[in-house]
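**Q** Here is a sequence together with a model predicted from it:
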Number of protein chains: 2
Amino acid sequence: MGNINLIFYLAPVGSVIALLFALGFYLKMKKESEGDSKMKAIAQYVREGAVAYLKQQYKVVGLVFLVAAGLFAFMAYVLKVQNMFVPFAFLTGGFFSALAGFLGMRTATDASARTTNAAKKSLNGALQIAFRAGAVMGLTVVGLGLLDISLWYMLLNYFIDHKTFGLIIEESQRLHFITTTMLSFGVGASLQALFARVGGGIFTKGADVGADLVGKVEAGIPEDDPRNPATIADNVGDNVGDVAGMGADLYESYCGSILATAALGVSAGFGLKGVLLPMIIAAVGILASIAGIFMVRSEEKATQKELLKALGRGINFAAVLILVAASALTWVFLPENKGIIFSILSGLFAGIIIGKATEYYTSQEYPPTKAIAESSKTGPATVIIQGLAVGMKSTVIPVITICAGILASFAFAGGFTNISFGLYGVGIAAVGMLSTLGITLSTDAYGPIADNAGGNAEMTKQNPKVRERTDALDSLGNTTAATGKGFAIGSAALTAMALIAAYIEEVKAGIGMMITNTGIDKIAIGAVEYTAKSSKLLVAKISHMNILDFVNSYDLHIMNPKVLVGIFLGAMMAFAFSAFSMEAVGRAAQSVVLEVRRQFREIKGLLKGKAKADYAACVMIVTKSAQSQMVLPSLLAVIVPAVVGIIFGIAGVIGLLVGALTSGFILAIMMANSGGAWDNAKKYIEAGALGGKGKDPHKAAVVGDTVGDPFKDTAGPSLNILIKLMSMVSVIFAGLIVRYGDLVQRIADQFK
Amino acid sequence: MGNINLIFYLAPVGSVIALLFALGFYLKMKKESEGDSKMKAIAQYVREGAVAYLKQQYKVVGLVFLVAAGLFAFMAYVLKVQNMFVPFAFLTGGFFSALAGFLGMRTATDASARTTNAAKKSLNGALQIAFRAGAVMGLTVVGLGLLDISLWYMLLNYFIDHKTFGLIIEESQRLHFITTTMLSFGVGASLQALFARVGGGIFTKGADVGADLVGKVEAGIPEDDPRNPATIADNVGDNVGDVAGMGADLYESYCGSILATAALGVSAGFGLKGVLLPMIIAAVGILASIAGIFMVRSEEKATQKELLKALGRGINFAAVLILVAASALTWVFLPENKGIIFSILSGLFAGIIIGKATEYYTSQEYPPTKAIAESSKTGPATVIIQGLAVGMKSTVIPVITICAGILASFAFAGGFTNISFGLYGVGIAAVGMLSTLGITLSTDAYGPIADNAGGNAEMTKQNPKVRERTDALDSLGNTTAATGKGFAIGSAALTAMALIAAYIEEVKAGIGMMITNTGIDKIAIGAVEYTAKSSKLLVAKISHMNILDFVNSYDLHIMNPKVLVGIFLGAMMAFAFSAFSMEAVGRAAQSVVLEVRRQFREIKGLLKGKAKADYAACVMIVTKSAQSQMVLPSLLAVIVPAVVGIIFGIAGVIGLLVGALTSGFILAIMMANSGGAWDNAKKYIEAGALGGKGKDPHKAAVVGDTVGDPFKDTAGPSLNILIKLMSMVSVIFAGLIVRYGDLVQRIADQFK
């Protein structure tokens, strides 16, 4: 046992190493020159805008967190349907996520002008700066995530011994308490991610669409033109949406998968080893990622192809490393369940296949995107129909893949013998997929940096070669980002499934609290009655209740109308949530249009380039719009699981989560891929196909691209969060629902 | 008992009465004049085109039916996983559905010129002809549907006595055999409906979009201009898509709900009364519908508003009548379950609310459609985004309503005491909703007749007043059609749910056959082992297995990865199926464009109106295109449930059905409402808003309308079929899956 506790320290140590490397990369990047004064000025505008946005966002979110923490404290200390640690764990989860987002975005805004400057000399130099800056984000996310988990584990491990509260009587029950408590820290990360993704997504596309509508269409000036007052807001958007938003999203998946798997380890009877395995794998993954990051090197005069190879080398190296290490760890930790090694492998494979499918459906090299471009010959309507059809078709392979991944990771872990083993396998597959997040997130996060660098080059009128190089970097990023997206959505699905399973553990904890509070020694759950000599023993008995008993007690079968209604409502949530976020983009864009028109009208000489635009005003307006627009969809995601629980009980909640997971996953992929394919179809035409820029087919393709913007950068990614967040929210309300939920049943019972 | 058997004869008698009234209406309509020779000629073209289309369609479908019947015969006589009646029941189901479609469409094409002619005199006269022609369709559908059910019941009731096959030993088991066999007749209706809906949907929108693209856009000639060779095809499309397609769709729901409820009546232990109640309600519904149809009368000089009132009066009268009658019947038949009366009421209410919601989201009188029109100011992209958002938001009320409807009809029937009672309640709610189909389908079917009448007026250059009157009729139909659509989709959802429940009965029948074939006297289903003294007794035992035992035996709980994978795949099917049908429309439209271009080029003087277009060639080309395009999506819908069953077994199939039901229902509503709202936003602008016709906002709105066409008339309605068909296909493969399915489990068991 002591041995294992020693190995555990790999987790905090690994997280600190990640943070140290992040710091090192940051300091090294800061030493590079930001270029001339014009470049510095533009970078400064973007930086200030981004910081102003985040400040405003954190104000709103801070308020929400305080209210929520108050509610959870009320639940913990007055209603006693949660334990005393929960409000604090919730707050730290949110705080660390916010910190990771802030640091990552700050780094990105510091790096963009430096990337532009380096691009004056060589492609490789620019890549190194942008990629290392992305690595700061990647390592900060995994470092802070794992640090928070480690600290809470140490804290709870110290405070909760076998006699705490005079209740806890054996090791498995102690671990059950620790892991179910830790999950509530994931709720904080999840809520933070929601606001970051939805708010950031609305900001980035509101600014983008607004800038295009009024700049390109009305005033006839090109993209990234400094005369357009919304240009800086557009660049700020890349940072708050694609860097901070994505970081928070993956922070949530990362923590969620580790925490859910730890909880499932207890329920599978793997004891402490099962709890620590995901953390250790994550720690080893950090080391593998750092090694991979250093593998991304190339000669100074490297071509784009060589750089792509270098990136791929880094990611693959890290993946192989983690696979070997995870196998060894599983071999040592869970020798009786070696199949889990193949569970991890299944998860990794699933991620790769989804990534390849994404690339196929959205790259202009393959038929689907070309078909969209072709359809532009008959106008915008056919572009839209074809794009939607491509998006819908593109869900087939990812769905089959994720199904195969779930089934394989379940089966290899022995799920067909013991369902708890199988669910642990699904969780650990998600952990495996996310363990190399340190490097995969780096390759994702450097894209927007390159994008911003390009904007900087444009606005400061650099030699066209510079822009060419940053564009090359950007398109380089698109290829690796496809794989990254595959991992993001795939891991979100596996994590969500693990969370649904972990929710069952939370319900058991909730029943335990109810027993303790009421001092009963028998309890009927569904048709099954549980009794024990004392309420303490009854709590212990409940914590050992296996999943099949649980499922039968709560009638979690698919012919139960409460389950079915839950699935209906969950699927609907995905659609309603998408609708709200798309409409929000429209409104934010409208506010940009009005502001830019005002500036063109009131600032004399602006359009002639003789006066300066008020960039900050634009940023402020999008910020306010995004903040006010993100509230409704966010609240919806938080309130619905609670309301469904109150009305339909546990069965309704689990149905809801399954419905949201399945429909949300599919809708997210459809929207991301339709959007990506429209984007690239437009680029394909701009590169010369079908008459090139300015002709009718191009105009039709631009319509597709504009529709695709909120699809792929707002609604789609937000769904990623929705499917995890709803599980997380259910987790925190589990105790409440156990005690006060299922009104339908209570009413029906009156008539019996 | 004899008493009940006597009451049963209400069903065949009711069906014959329906057919007689249909004949009467038809003959009376035929006596009216078709107008002048030009009008007759146009009507003749449309009639010939429609008949040519149906002939071709029935050829393809006939082939598919022969192959399928052969397969089922192989399953019944060689593999012995189905009973000997199934292949024949399957064929009659398909045949009667096809007959209903043919007769309805034939009547519609006979009525359109007569409606035009009557519109020369008065609105009321035109309404009477169009509506009575619609009533022919309505009454033929319910008449043939109930007749087929009655005949099969009489046949099986005669042949299957208590000693048949030396197996059947008691009444409930006999009824179980009869009802599960009859369900397979629904499979025929379902498959026919699929081809009618998908093929008809592709035809109608392929012709419409193609005619618009090449006529309005390229040649600059107005809609319904006789110079456009695709004009007749467009009018034919209304008949094959909106009349024959919709008729087959509702024929399927009608039969499916009655048959599923009958099967659930046995499983609920209601015996013969439970089996006959849905049929009797349907029979009474026919009489109520006929009474309602005669209520639709108005003075000769009635205004549009007065006519709308008259229509509403007819529908409401029928609904109240059936409610009273159904209550009385339930009171007599199932006095111990009077709550079922409220189940029926819940279904009716749900249908009305969904209809009202549809109207709200798609009528130009309310904010959603106006918002789409507003968004046209910033171009087509915002029209699309706004329209998709409206469609997505519009799913909220219908989902909540159908959930409430399911829950209420379940609860009122006593589902929270006995789940089988509850599922019977859901089935009977669907039967109640569909019982007035005779009149609601009439109000649906007369819309396309009025549409065609308008086309005839346009092409034969009648006084503008005539076109005004047919347009008034058309818009009159749109209001009642919204309610009709609510009932169609609502009843499809309830029917699908009842079918999923009935599927369980089929599986039990399949297990019974396996026991009989192998002569075993014990069988393990999941973790539960069933034994009996003889295989005959074991079959009896299995047929009495209650739903909860079944659910537990097959691990039909929501944490079973096979169930979850099924839900994923089912949800994906809805998206993939939509993608294929939308793409098919695009291809069909493309073929029209090429043909019309060819005629403009090769037929000299055509554009100047000096030569005649070759209408038949256009019809033939769309027909061929629609026929070849409908095969892939149709096969997909048929093959997937079988493949999922083979791989994942019963749990996977039920998951699949639930996933398809939930996502399919939501996606169908979204597509129908987005499409409807785009259509009406365009009409709103054409009526003078935002600068009216020809201005930029109008052009943007036309893009929305074009995207909406395949949404609302092809993909959306086809999903309606998909969710029912997949259940039906599963029903017919149940025995096969029981015997040879669930490869995943078989493989997993090897490793245990």
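**A** Yep, it's here.

**Q** how many neighbours does A:Phe65 have?
**A** 21 (other Cβ atoms under 10 Å in any protein chain shown). Bear in mind the C-beta positions are built from the backbone N, C-alpha and C, glycine included.

**Q** Low-confidence ranges, chain A, go.
**A** A:1-2, A:162-169, A:752 (pLDDT under 70).

**Q** Please repeat the previous calculation with a cut-off of 50.
**A** A:1 (pLDDT under 50).

**Q** residue nearest the centroid of it?
**A** A:Asp249 (2.2 Å; Cα atoms, centre = their mean).

**Q** the helices in the stretch 101-250 of chain A, which residues?
**A** A:123-159, A:171-211, A:231-237, A:246-267 (DSSP state H, counting those that start in this stretch).

**Q** Which one of those lies nearest to B:Ile489?
**A** Counting by Cβ to Cβ, B:Ile489 lies closest to helix A:171-211 out of the helices of the stretch 101-250 of chain A; the figure is 30.4 Å.

**Q** from the middle of its chain, how far away would the helix or strand hosting A:Asn720 be?
**A** When elements are defined using DSSP states H and E, A:Asn720 is found to belong to helix A:716-740. How far helix A:716-740 lies from its chain's middle: 15 Å, per Cα atoms, centre = their mean, to the nearest Å.

**Q** So that helix, near chain B or not?
**A** No: if you take Cβ under 8 Å from any Cβ of the partner chain as the test, helix A:716-740 misses chain B, and the best it gets is 11.7 Å.

**Q** Which secondary structure elements does that helix sit against?
**A** helix A:171-211, helix A:246-267, helix A:464-518, helix A:561-602, helix A:631-686 (3 or more Cβ pairs under 8 Å, 6 or more residues apart in numbering or on different chains; DSSP states H and E).

**Q** got the angle for the shortest one vs helix A:171-211?
**A** Using axes from the mean of the first three to the mean of the last three Cα atoms, to 10 degrees, the inter-axis angle of helix A:246-267 relative to helix A:171-211 is 160 degrees.

**Q** Quick check: buried residues in the next helix or strand after helix A:246-267?
**A** Under the assignment DSSP H and E, the closest C-terminal helix or strand after helix A:246-267 is helix A:271-295. Within helix A:271-295, the residues that count as buried by 16 or more other Cβ atoms under 10 Å in any protein chain shown are A:271-290, A:292-293, A:295.

**Q** What of stretch A:689-703?
**A** Those buried within stretch A:689-703 under the rule 16+ other Cβ under 10 Å are A:Ala689, A:Leu690, A:Pro697, A:His698, A:Lys699, A:Ala700, A:Ala701, A:Val702, A:Val703.

**Q** Switch those over to JSON lines; also include distance to B:Val622 and secondary structure.
**A** Output for these, formatted as JSON lines (distance: Cβ to Cβ, whole Å; DSSP: H, G, I helix; E, B strand; the rest coil):
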{"residue": "A:Ala689", "distance to B:Val622": "30", "secondary structure": "helix"}
{"residue": "A:Leu690", "distance to B:Val622": "27", "secondary structure": "helix"}
{"residue": "A:Pro697", "distance to B:Val622": "26", "secondary structure": "helix"}
{"residue": "A:His698", "distance to B:Val622": "30", "secondary structure": "helix"}
{"residue": "A:Lys699", "distance to B:Val622": "29", "secondary structure": "helix"}
{"residue": "A:Ala700", "distance to B:Val622": "24", "secondary structure": "helix"}
{"residue": "A:Ala701", "distance to B:Val622": "28", "secondary structure": "helix"}
{"residue": "A:Val702", "distance to B:Val622": "31", "secondary structure": "helix"}
{"residue": "A:Val703", "distance to B:Val622": "27", "secondary structure": "helix"}
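
**Q** so which of those residues would you say is closest to chain B?
**A** If you rank those by distance to chain B using Cβ to the nearest Cβ, A:Val703 comes first, at 4.7 Å.

**Q** In space, what's closest to the closest one - neighbours in sequence excluded?
**A** In space, and not counting its chain neighbours, A:Val703 is closest to A:Pro380: 3.9 Å by Cβ to Cβ, 6 or more residues apart in numbering or on different chains.

**Q** Which residues are in contact with that neighbour?
**A** A:Lys699, A:Ala700, A:Val703, A:Gly704, B:Pro380, B:Ala381, B:Val703 (Cβ atoms under 8 Å, 6 or more residues apart in numbering or on different chains).

**Q** and if we set it to 10 Å?
**A** A:696-697, A:699-704, A:706-707, B:379-381, B:383-384, B:699-700, B:702-704, B:706-707 (Cβ atoms under 10 Å, 6 or more residues apart in numbering or on different chains).

**Q** Run the angle between the helix holding A:Asn720 and helix A:561-602 for me.
**A** 140 degrees.

**Q** which other helices and strands contact the very next helix or strand once past helix A:716-740?
**A** Counting by DSSP H and E, the next helix or strand C-terminal to helix A:716-740 is helix A:743-751. Counting contacts by 3 or more Cβ pairs under 10 Å, 6 or more residues apart in numbering or on different chains; DSSP states H and E, helix A:743-751 is packed against helix A:561-602, helix A:631-686, helix B:396-412.

**Q** and the second one with helix B:561-602, angle?
**A** If I follow you right, that is helix A:631-686. Going by the same axes, to 10 degrees, helix A:631-686 makes 50 degrees with helix B:561-602.

**Q** gap between helix A:631-686 and the chain center?
**A** 13 Å.

**Q** next one: stretch A:453-468
**A** That offset, for stretch A:453-468, works out to 31 Å (Cα atoms, centre = their mean).

**Q** list the buried ones in stretch A:311-321?
**A** Quick answer for stretch A:311-321 (16+ other Cβ under 10 Å): A:Leu311, A:Gly312, A:Gly314, A:Ile315, A:Phe317, A:Ala318, A:Ala319, A:Leu321.

**Q** who does the particular helix or strand that has the third one in it touch, helix- and strand-wise?
**A** Per DSSP H and E, A:Gly314 falls inside helix A:304-333. Using 3+ Cβ pairs under 10 Å, 6+ apart as the contact criterion, the elements in contact with helix A:304-333 are helix A:2-8, helix A:123-159, helix A:271-295, helix A:340-362, helix A:419-435, helix A:437-459, helix A:464-518.

**Q** now those helices in CSV, with distance to B:Leu632?
**A** Below are the helices and strands packed on helix A:304-333 laid out as CSV (distance: least, Cβ to Cβ, whole Å):
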stretch, distance to B:Leu632
helix A:2-8, 55
helix A:123-159, 43
helix A:271-295, 43
helix A:340-362, 18
helix A:419-435, 33
helix A:437-459, 36
helix A:464-518, 27
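
**Q** All set now, cheers.
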